[in-house]
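Engineer: Here is the input, now give the coordinates:
(one chain, ligands or ions: 1)
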Amino acid sequence: MSKLGVSSKVLNEVMEGVLRVSRGLFEEGLVKSTFGVVSARIPDTDYVVITPSGFRKERVAKRNLVIVNLEGEVVRGNFRPSSETPMHVYIHKRVPEARCVVHTHSPMATVFAILEMDIPCLTTEQAHAFEGRVPVVRNYSYPGTTKVEELESIVEALRRSRVALLRKHGVITYGTSYEEALDNAVVVEELAKSAIYALLLGKPEELTEADIEYMREFKKKRYGQRPAQQP
Ligand SMILES: [Zn+2]
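Structural biologist: Here you go, the predicted structure:
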C-alpha cells in the first residue's frame, strides 16, 4: 500500500490504462506533437493519474505520469501535469462514472469546433454512439480554463452525449473504461469526417428523434454480446 492508500497493483493498472489510451490516440493519428491529454481516476479515491504537460503522447511513460488530487494539486510525480488539469479533475469530480477522460485536437472534429457548429446526427452510427448531435460548448473561453461556469458547461454537454467540442479548440470525451474513452475519440473523428463530406457533396438530412430512439432501443436490446456470452 502506498502513501496514497492505493495498492501498487491498482496504481499500476491505472497507469497502464493511461499509457494504453495515450499510445492508442497516437496510433490512430488523433494527437500530434505534444497535444492531447489523458487522465484516469484511481478507483475509490480522490486521485487522478494524468499525462504531463508538453510530452508527446507516444513518449509518455509511467515515470513521467503525474498524480493529482481533485483540486488539481500534484501529490506525486516529478513533472508538471497537463495545463488542462483543471478541466480534467473537474470532470472526474462531477462525473464519477468517468473512468478515463480524453482531450484531443483531432482535425475533422476540430473543424466543427472552429465553426462552433454541433456535429449533426447524420448516421445511425452517430445515433448509436452518441444518441444525437455532438454539441459545441460555447460557454468556453481558452485552453486551461479554471472558470467554474465554463467547466460546468463542459460537464453538462458530456452528460448528454459523452463527447463534446470545445469552442475553437478541440474534443473532450470520457469513457466508463479506458477502451471506451479511446473509442469515443476515434468514433467522433470518423463521424466528423463523414459529416464534412456529406455537407460538401449535398444537403444531408439529420436523423429524427424517432430514428435516434430506434437506435437507442436497438443498442439496448440487440447489439453486442449478452453478459453470459462475453469472452
Ligand atoms: Zn487542447
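Engineer: Where does the residue nearest the centre of the chain sit: helix, strand or coil?
Structural biologist: Centroid check for the chain by C-alpha atoms, centre = their mean gives residue 173 as the closest residue, at 2.2 Å. For residue 173, the secondary structure call by DSSP: H, G, I helix; E, B strand; the rest coil comes out as strand.
Engineer: That one is in contact with residue 181, isn't it?
Structural biologist: Yes: when contacts are counted by C-beta atoms under 8 Å, residue 173 is listed as touching residue 181 (6.4 Å). Quick note: C-beta positions are derived from backbone N, CA and C, even for glycine.
Engineer: Give me the common contacts of the two.
Structural biologist: Shared contacts of residue 173 and residue 181, defined by C-beta atoms under 8 Å, 6 or more residues apart in numbering, are found at 101, 102.
Engineer: Give the burial count for the spatially closest residue to residue 206 that is not a sequence neighbour, as a bare number.
Structural biologist: In this structure, residue 206 finds its nearest non-sequential neighbour in residue 120, 5.0 Å apart by C-beta to C-beta, 6 or more residues apart in numbering. Summarising burial for residue 120: neighbours were counted as other C-beta atoms under 10 Å, giving 19.
Engineer: ok, residue 120 - contacts?
Structural biologist: Residue 120 makes contact with 133, 195, 204, 206, according to C-beta under 8 Å, 6+ apart.
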